[in-house]
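Trainee: Turn this into a model:
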Amino acid sequence: MKNLVIDLGNTNKKLAIFESGELVTVKQFPAVDMKSFRQFIKSHSGIDHCILSSVTGYSHELQRFLSGSFHFIELDENTPLPIKNSYKSKKTLGKDRLAGAVAAAIRFPRKDVLVINTGTCITYDIVNRRKTYLGGAISPGIAMRFRALHNFTAKLPLVPFRDTIILNGKSTEESILSGVLTGTTAEIEGIAARYQQKYPDLVILLSGGDHKYFVKRLKISIFALPNIVIHGLQQILVFNVNAAI
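Mentor: Okay, the predicted model is just below:
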């Protein structure tokens, strides 16, 4: 069985192919137009099923194409899941957060798992050992913090990200780098520590576009799982396909 997984995030759009349950390829785009989409499909013939998750919206043309070409599922608050979702406002829950929780529950069965996704926003999502999604937290991602300091002050510059460690900044640029990068690292460690107090055997999964920066710096035990949303969407698709058989 060959599956197409589409993740339309805030910053990046990803198209992935799974074959016999294994991730074959992931391609990332700043935007997905029909031409590039058709080219991707053409290079991966034999697709049976497709799932799409979008936090930004997408064209009716794409929806019609997917519906007419594959057994197609669009993830929403009514899509059957292999976990229980106890979030109060299911309609407003980010689909990327939900997919990450599914991936965590499947990857670590009978474990309490905290998913930290470091993308446009940094999200913290907890799924317990009974495969129940309990919610979490949202805070600004690295790029958003840099932009906020520039946009909401009169004189602070827009500082580009640099893979560096600076505790005591000796210039305005260094001070911003320290505040954003050291501060974000401390935030992640602090929030993770609070969850660990509540869940002593907690597994922590780290993913997202900025995860490589934090993998090298976090002083907590973590598992890095790039493309966790892609893996979660694949699991949701397989669950629904099997339920229909």
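Trainee: okay, CA-based contacts and neighbour counts for the rest of this
Mentor: OK.
Trainee: Can you identify each of the strands in the protein by residue range?
Mentor: Under the criterion DSSP state E, the chain contains strands at 2-8, 13-19, 22-29, 49-54, 71-74, 84-85, 113-118, 121-127, 132-140, 203-207, 223-224.
Trainee: Would you mind pulling the contact partners of the second one?
Mentor: Identification of contacts with strand 13-19 by CA atoms under 8 Å, 6 or more residues apart in numbering yields 1-8, 23-32, 44, 230, 234.
Trainee: Quick check: residue 203 touching residue 116?
Mentor: No: in terms of CA atoms under 8 Å, residue 203 does not count as a neighbour of residue 116; the distance is 10.8 Å.
Trainee: Which one of the two is surrounded by more residues?
Mentor: More crowded of residue 203 and residue 116, by other CA atoms under 10 Å: residue 116, with 29 against 19.
Trainee: That one pairs with what?
Mentor: Counting by DSSP bridges, residue 116 is bridged to residue 124, residue 206.
Trainee: Contacts only, for it.
Mentor: When contacts are taken as CA under 8 Å, 6+ apart, residue 116 is in contact with 122, 123, 124, 125, 204, 205, 206, 207.
Trainee: Show me where this protein has its helices.
Mentor: Read by DSSP state H, the chain holds these helices, from start to end of the chain: 34-42, 60-69, 95-107, 142-151, 172-177, 183-198, 211-215, 228-244.
Trainee: For residue 162, find the nearest of those helices.
Mentor: Closest approach to residue 162 among the helices of the chain is made by helix 172-177 (7.7 Å; CA to CA).
Trainee: Could you list the domains of the chain?
Mentor: Following automatic domain parsing, the chain resolves into domains at 2-74, 84-231.
Trainee: Kindly compare burial across these and name the winner.
Mentor: Burial of the domains of the chain is given as mean neighbour count (mean count of other CA atoms under 10 Å); domain 84-231 ranks first at a mean of 17.
Trainee: Can you give the distance from that one to the centre of its chain?
Mentor: 10 Å (CA atoms, centre = their mean, to the nearest Å).
Trainee: among the domains of the chain, which is nearest residue 242?
Mentor: Put simply, out of the domains of the chain the one that sits nearest residue 242 is domain 2-74, at 11.5 Å, with distance taken as CA to CA.
Trainee: for stretch 2-9, what is the average pLDDT?
Mentor: Computed over stretch 2-9, the mean pLDDT rounds to 94.
Trainee: which residues are contacting it?
Mentor: Surrounding stretch 2-9, the residues in contact under the criterion CA under 8 Å, 6+ apart are 13-20, 46-57, 96, 229-230, 233-234.
Trainee: Tabulate the CA atom coordinates of it in PDB.
Mentor: Backbone C-alpha positions of stretch 2-9 (Å, rounded to 0.1, in the frame of the first residue of the first chain) are rendered in PDB as follows:
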ATOM      1  CA  LYS A   2       1.400   3.400  -1.000                       C
ATOM      2  CA  ASN A   3       0.100   6.500   0.800                       C
ATOM      3  CA  LEU A   4       0.400  10.200   0.200                       C
ATOM      4  CA  VAL A   5       0.600  12.400   3.300                       C
ATOM      5  CA  ILE A   6       0.200  16.200   2.900                       C
ATOM      6  CA  ASP A   7       1.100  18.500   5.700                       C
ATOM      7  CA  LEU A   8       0.300  22.200   5.000                       C
ATOM      8  CA  GLY A   9       1.800  24.000   7.900                       C
END
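Trainee: which residue of the protein sits farthest from its center?
Mentor: Among the residues of the chain, the one whose C-alpha is farthest from the average of all C-alpha positions is residue 170, by CA atoms, centre = their mean at 34.6 Å.
Trainee: Now do the same for it: its pLDDT.
Mentor: Reported pLDDT at residue 170 in the predicted model: 96.
Trainee: ok so, going back, residue 77: which of the helices of the chain is closest?
Mentor: Set against residue 77 and scored by CA to CA, the helices of the chain come closest in helix 95-107, at 8.5 Å.
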